[in-house]
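Q: Need coordinates for the following:
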Amino acid sequence: MEVFETGGTALVIDRSSQTRSILSTFAKEVGFTNVTGVPTIGDAISLLEAEEISWIICPMVLADSVNTLQLLRLCLTLPEFRHTRVSVFYGEDQTYVLPIAFELGLFTCHPAAYNKTAMIEAAAILKQRTDQNGKDSCPISAEYLREILIARQDLSELLLFSEALMLQYPGHMGILLWHAEAQARSGDKTAAAATLAQIKLLDAGRAQQAEAIHSKLLPDIELPQAGGAGGANMLGITNAVVVDPDELSINSVREILTALGAVNVEYFTCPVEAIAYLDGRAEQSLVIHEWRLPKVSGPIFLQRIRQLGHEKTPVIILSSLVSGKDQHLTREMGVAMVVQKPMLREEFLQALIWTLKQERHPTEVGVLERKMMAFLIRKNFPSAIDFKKTLVQSGRIPEAVSSYFDAEIAYYQNHFEEAKAAGFAALKKGYSSVRLYNLIGRVLMKLGDFEAAIRCLEKAQELSPLNILRLCALADCNSELSRAAAGQEALDKAKALDPTNSAVQTHEAKFNLTIGDVKMAGRILQKLDNFDDVLSYLNNRGVTLSRSGKIDEAQSFYLRALEALPEKADEVRKLIHYNLSLAYARASDLTLALAQANLAKASPNKKLAEKACSLSKRLDAAIKSGAPFSLQQKQQDCDVPIVLTDHTVDAEKEADYQLLSTNPGEQCCHRIFSIINPDAALQELYQKLPPFKRRRAIERAETMGLDHNIRR
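A: As a prediction, the model looks like this:
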């Protein structure tokens, strides 16, 4: 949510000093005490190079060297203008420009009646709308745009706009009323009637307003029975999963979701079936589940869906069985809300609305953490950094949480020393959470400090003892320290919680390879459907040992890996042969190195096969000639790690995108409202951005003819 505050500077623009004075009256009536004026938009841009402006008020100028649409696009393009709002005063013949101006992030529009009385009236309306919408600039702006669309009879745009607004403001009954009116005006009277019935069912306080729209726009249509299907999807639930063994509970949830207009909702009494359904599917709008489930318990079900990639999906637990000791896990796994049974309709409805509002406009630290982690898991670093920066600038997170986010970002960027420093800084600043202890433990593992990592992970596990992946990490740490018994104990705990979890099986295979139980590791690998993670571990651990000078250990590990690998892992087998060849060559065992290089030549990977052929030829020549052999480290004789494919985005493209765009609702109605058939001539007016230089205000030596503060 981007709020409209009056504590900054307002900038009024007009060539007439008298008009600037009148516009300053408008700004001051709204609540601004610091108002500055300039003659043209070009002058305004010069000022913006040096000063921070909260609100720009100008006429709708299209024919000047820099026009109003260019100003709006400039405010969209440059991150430093993210919080700058633009309002225009327009002539009667300029209403055709207003829709595209709102698409570009216009805040408000007002008829160009330049007299004091009109300014005071316009200011009173804006102040009222600001108060009614909690200073949120998006719905404030939406009220003005809605009036323009109705006046222009742009009914298709009006309907699409109200639908988009509902997605941004789930449960907002005022916007739902707008949507019902838009449906009625655009001719979809049956849908409008269903939406009005939905409003009367869900909010008795709005019944009178709903009835007024009914009488005015649908006088001949009877509203359908309350609670039936056909109403608006007021919370934007487009796919969801509900899991509860209690059929009565399922039916109660179904009734409420139907009344809310939710679509594509799947209901399960068996969690195993729900997991199978979610596997491979896109993220859901919502998951609701009971804590006590058959076959797979609630804590395990929750972790399973996160492991399947549903990181962003909000989860509501509907149960009376969530204990105090479970709360750390629910927080760690990003649960949005726990609703007690027996379920009260109003309480459950409020939980749904709050949860989905938080998804669009998060304020709670737990929701912010989940959103941050969703960016990082996909390695979308520009978005993660921009998200954190926005939170800090808006004061939505304390300094300690900011340090924690710095630590998570650094960890996922493989900057482990930075992550360690930021993590401990967060601790010192008072941020104590399971997530933070877990993060520091993972960082210390990457840095090879397994003893300290165990202490951090055990602290996290003490608070949240049911986390399966952390138990696996503890097993990994203990295996690195040659503590087979302690590692096995951690694995046994994980297996007791969820014996069929593929992550547990994967870590068990890695553990057995590390401690030297090749046969057990091989049996586990044969059973796994997907063992990419194990294969990368097998090879990359050998690479790490070899590069750190532990040649004998690297050779031993590569040999164990080759023994454990199933036949279907042929490409990885050839890769390990190549890296083992390098390890033998480093130890001057050229005959063994040549044998491994020859095996690697058959790799289906063309680049690896070429490297192996080159290495084989040079090894063979050295053996025959008796000449000393040396690896060409800077050229091609480098160990080859396995890099698993993931959800990595193109960082450069993403960075460009972040500069040129914002999230829906951050800059008024931009990216919420769009014109169906835009005017090409109007689009041409803002395609070329005016020149803009970033420099500090203190470096400016001239005033450029700017008016100073305008006073009454």
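Q: now L257, what's its secondary structure?
A: Classification of L257 using DSSP: H, G, I helix; E, B strand; the rest coil returns helix.
Q: Might one say that it is in contact with E266?
A: No: using CB atoms under 8 Å, L257 is not in contact with E266; the gap is 11.1 Å. Where you see a C-beta, it was placed from the backbone N, CA and C, and this is true even at glycine.
Q: show me where the stretch 251-400 of the chain has helices.
A: 271-278, 298-307, 327-332, 345-360, 365-377, 381-393, 399-412 (DSSP state H, counting those that start in this stretch).
Q: which secondary structure elements does the fifth one contact?
A: Yep, that's helix 365-377 we're talking about. Contacting helix 365-377 under the criterion 3 or more CB pairs under 8 Å, 6 or more residues apart in numbering; DSSP states H and E are the following elements: helix 381-393, helix 399-412.
Q: Tell me which of those sits nearest to M337.
A: When the helices and strands packed on helix 365-377 are compared by CB to CB, helix 399-412 sits nearest M337, at 20.2 Å.
Q: what sits against the residue most central in space within the chain?
A: Taking CA atoms, centre = their mean, the centroid of the chain lies closest to K371, which sits 4.3 Å from it. Going by CB atoms under 8 Å, 6 or more residues apart in numbering, K371 touches 312, 362, 387.
Q: any chance of those residues in TSV, with pLDDT, neighbour count and distance to P79 too?
A: Output for the contacts of K371, formatted as TSV (pLDDT from 0 to 100; neighbours: other CB atoms under 10 Å; distance: CB to CB, whole Å):
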residue	pLDDT	neighbour count	distance to P79
K312	88	16	24
P362	82	19	20
F387	87	21	13
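Q: Pick out whichever of the residues you listed sits closest to N663.
A: Lowest distance from N663 to the contacts of K371 (CB to CB) belongs to F387, with 9.2 Å.
Q: what separates that closest one from F405, distance-wise?
A: Taking CB to CB, to the nearest Å as the measure, F387 falls 8 Å from F405.
Q: Mutual contacts of the two, please.
A: Between them, F387 and F405 share these contacting residues under CB under 8 Å, 6+ apart: M372.
Q: Return the member of the helices and strands packed on helix 365-377 having the minimum mean pLDDT.
A: In terms of mean pLDDT, the lowest-scoring of the helices and strands packed on helix 365-377 is helix 381-393 (a mean of 87).
Q: returning to what we had before: out of L257 and E266, which sits in the more crowded spot?
A: L257 (20 against 15; other CB atoms under 10 Å).
Q: Find the nearest non-adjacent residue to the more buried one, please.
A: Distances taken as CB to CB, 6 or more residues apart in numbering place V265 nearest to L257, at 5.5 Å, with adjacent residues excluded.
Q: and that neighbour, what is it in contact with?
A: Going by CB under 8 Å, 6+ apart, V265 touches 237, 239-242, 254, 257.
Q: Farthest-apart pair in the residues you listed, please.
A: Farthest apart among the contacts of V265 by CB to CB are N239 and R254. That separation is 14.9 Å.
Q: so where do the helices sit in the stretch 451-600 of the chain?
A: Counting by DSSP H, counting those that start in this stretch, the helices of the stretch 451-600 of the chain are 468-480, 484-497, 502-515, 518-527, 532-547, 551-564, 570-586, 590-600.
Q: ok so, going back, model confidence for the residue nearest to the centre of the chain, exactly?
A: Each residue has a pLDDT score; the one for K371 is 87.
Q: Distance check, it against M119.
A: Per CB to CB, K371 is found 41 Å from M119.
Q: Need the per-residue pLDDT for S661.
A: Looking at S661, its pLDDT is 46.
Q: Hmm, I typed the wrong one, I wanted N709.
A: pLDDT recorded at N709 is 38.
Q: With L149 instead?
A: On pLDDT, L149 comes in at 97.
Q: what's the closest non-adjacent residue to it?
A: L158 (4.3 Å).
Q: Ok, T238 next?
A: In space, and not counting its chain neighbours, T238 is closest to S285: 5.4 Å by CB to CB, 6+ apart.
Q: for the stretch 151-300 of the chain, what are the low-confidence residue spans?
A: Applying pLDDT under 70 to the stretch 151-300 of the chain flags the ranges 226-230.
Q: so where do the strands sit in it?
A: With DSSP state E, counting those that start in this stretch as the criterion, the stretch 151-300 of the chain has strands at 240-243, 265-268, 286-289.
Q: Of all those strands, which one comes closest to A124?
A: Smallest distance to A124 across the strands of the stretch 151-300 of the chain (CB to CB): 40.5 Å, for strand 286-289.
Q: Tell me how far the closest one lies from the chain's centre.
A: Chain-centre distance of strand 286-289: 19 Å, with CA atoms, centre = their mean, to the nearest Å.
Q: Can I get it in CSV? Just the C-alpha atoms.
A: These are the backbone C-alpha positions of strand 286-289, laid out as CSV (Å, rounded to 0.1, in the frame of the first residue of the first chain):
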residue,chain,number,x,y,z
LEU,A,286,-4.8,-20.8,-1.1
VAL,A,287,-4.4,-24.0,0.8
ILE,A,288,-6.6,-24.8,3.8
HIS,A,289,-6.0,-27.9,5.9
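Q: Report all helices and strands that it contacts.
A: On a contact count with 3+ CB pairs under 8 Å, 6+ apart, strand 286-289 meets strand 240-243, helix 298-307, strand 315-318, helix 345-360.
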